[in-house]
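Q: Build me a model from this:
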Amino acid sequence: MSGGDGYFRLFLCLLVGIGLVIGSALIIYAKRSPIEAVPISGIHDIRQFKWAQVENKDLQLGKIIAPDIQAPESIAIDSDDNLYTGLEDGRVVKIENPGEENQTITDLTKSFDFAKGSKRSKKRPLGIRLHGSKLYFADAYQGVIMINLESTSYEVILRYDDVTPHLVFPDDLTITSDGKTIFFTDMSLKWAYEEIALFALEGECSGRLFKVDVETTRTELVRDGLCHPNGIEIDRNDSKVLVAEHNRRRIAIIDTESGKALGEKGVLGLFSLNQGIAVKLDEDFEPVSIHYDLEGKLSKAITEISELSDGRLAVGSFVVKGIPLVDPLPSD
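A: Numbering: from 1, shown residues only. Model (predicted):
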């Protein structure tokens with residue numbers, strides 16, 4: 001997650017509701033279900049916490065930009081406030097002067113096919129980060145890719161079949177401050193991207209956290225047994241990563257060296273996909289404030305939020321068209 005100080009970023013809570021599973025209901029009804037239910041206990045309503053007992057419509061204020069692009073799940077921002085995002089159709093694009101009259105959209109992958117030579121032909125760029133002139137992204141089918149923005153060339157850092165067992169659903173990544181190490185999540189050993197409706201129904205925990213050396217591509221498993229880990233962020237000291245465990249609705253804090261879980265921030269009840277909720281954390285990863293669009297007028301199915309230099313928020317989503325550009329939040 002780029003585009004603002006890591007600690008003061010709005011950390012995504014990807015809150016999946018009943019709407020996500022409607023598409024698979026008839027399939028499951030017609031044949032034996034491929035999922036195995038896993039019980040989840042200790043679920044809390046987020047509104048029981050004192051810091052969440054507020055009413056606002058902060059995430060409704062703003063406008064949609066680039067309405068023709070589909071499902072910009074993750075957004076990186078450079079020093080000039082240009083946006084970078086991956087789309088459902090497999091492209092990675094740059095949006096210059098976002099929200100202005102002279103806004104332009106450039107297809108950064110137009111001149112090459114980063115799936116070339118792969119046994120998998122599909123592409124779906126998800127988590128995306130910027131480090132200097134290099135743009136890194138996790139692709140749900142291909143692995144971890146880098147685009148050199150100066151030469152508009154690409155490099156495969158890690159192909160999906162470079163590890164054993166193979167990557168099934170690479171989702172998000174983050175980079176150490178020196179740019180030498182990438183931490184990334186593989187959501188499941190069982191469910192691939194196109195089976196997202198099914199894994200939303202099941203509570204299995206076969207997700208993995210990896211780290212890969214950018215120069216040597218040496219890859220290590222940091223932790224396994226994670227419950228559909230998707231969103232990931234690293235702290236200022238590169239000593240901890242925060243991992244959102246999708247099917248436990250919680251944030252795990254993991255030591256980058258030992259792989260030990262240092263804390264798990266609760267299990268939260270469900271919200272609808274048509275709602276938008278974002279939580280702001282402090283330097284100790286404690287909640288500071290919560291911001292809503294419970295009517296889904298501008299922000300919904302939020303997957304990531306990045307902050308522009310003027311305080312506006314670029315909101316990522318895996319289902320909507322365009323990018324909600326939210327007005328700066330009220331001061332705390």
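
Q: okay, and for this protein, where does confidence drop off?
A: For the chain, the stretches with pLDDT under 70 are 1-45, 264-270, 332.

Q: please redo it, this time with the cut-off set to 90
A: 1-53, 195-204, 246-251, 262-273, 279, 281-287, 331-332 (pLDDT under 90).

Q: count of residues packed around Lys94?
A: Applying other CB atoms under 10 Å, we find 18 residues neighbouring Lys94. C-betas here are computed from N, CA, C, even on glycine.

Q: For the most centrally placed residue in the chain, identify the helix or strand it belongs to.
A: Nearest residue to the geometric centre of the chain (CA atoms, centre = their mean): Gly231, 4.1 Å. Element membership of Gly231 [criterion: DSSP states H and E] is strand 229-234.

Q: List the contacts of the very next helix or strand once past that strand.
A: Reading on from strand 229-234 to the C-terminus, the next helix or strand found by DSSP H and E is strand 240-245. Here strand 240-245 makes contact (CB atoms under 8 Å, 6 or more residues apart in numbering) with 11-14, 174, 183, 185, 205, 207, 209, 226-235, 250-256, 262, 264, 285.

Q: if we go to 6 Å?
A: Residues outside strand 240-245 that contact it (CB atoms under 6 Å, 6 or more residues apart in numbering): 183, 226-227, 229-234, 251-254, 256.

Q: and whichever helix or strand comes after it, which residues are buried?
A: Proceeding N to C from strand 240-245, the next assigned helix or strand is strand 250-255, under DSSP H and E. Using 16 or more other CB atoms under 10 Å as the test for burial, strand 250-255 gives Arg250, Ile251, Ala252, Ile253, Ile254.

Q: what bridges to the last one?
A: Okay, so that is Ile254. Counting by DSSP bridges, Ile254 forms beta bridges with Val241, Ala261.

Q: So it versus Gly143, what's the distance?
A: As judged by CB to CB, to the nearest Å, Ile254 and Gly143 stand 21 Å apart.

Q: before we move on, what about Asp107?
A: Using CB to CB, Asp107 is found at 21 Å from Gly143.

Q: Which one's more surrounded, those two?
A: Gly143 (27 against 12).

Q: and the more buried one, how far is that from Phe285?
A: Per CB to CB, Gly143 is found 29 Å from Phe285.

Q: next one: Pro328
A: As judged by CB to CB, Pro328 and Phe285 stand 23 Å apart.

Q: Compare neighbour counts for the two and give me the winner.
A: Looking at Pro328 and Phe285 with other CB under 10 Å, you find the greater number of neighbours at Phe285, namely 17 against 14.

Q: Pull out the buried positions in stretch 282-290.
A: Neighbour-count burial for stretch 282-290 flags Phe285, Pro287, Ser289, Ile290 (criterion: 16+ other CB under 10 Å).

Q: Next: stretch 130-148.
A: 130-131, 134-147.

Q: Span of that stretch from start to end?
A: 10 Å (CA to CA, to the nearest Å).

Q: which residues touch it?
A: Residues contacting stretch 130-148 (CB under 6 Å, 6+ apart): 2, 76, 78, 84, 86, 108, 114-115, 118, 120, 122-129, 149-150, 154-160, 167, 169-173, 175, 179, 184, 193.
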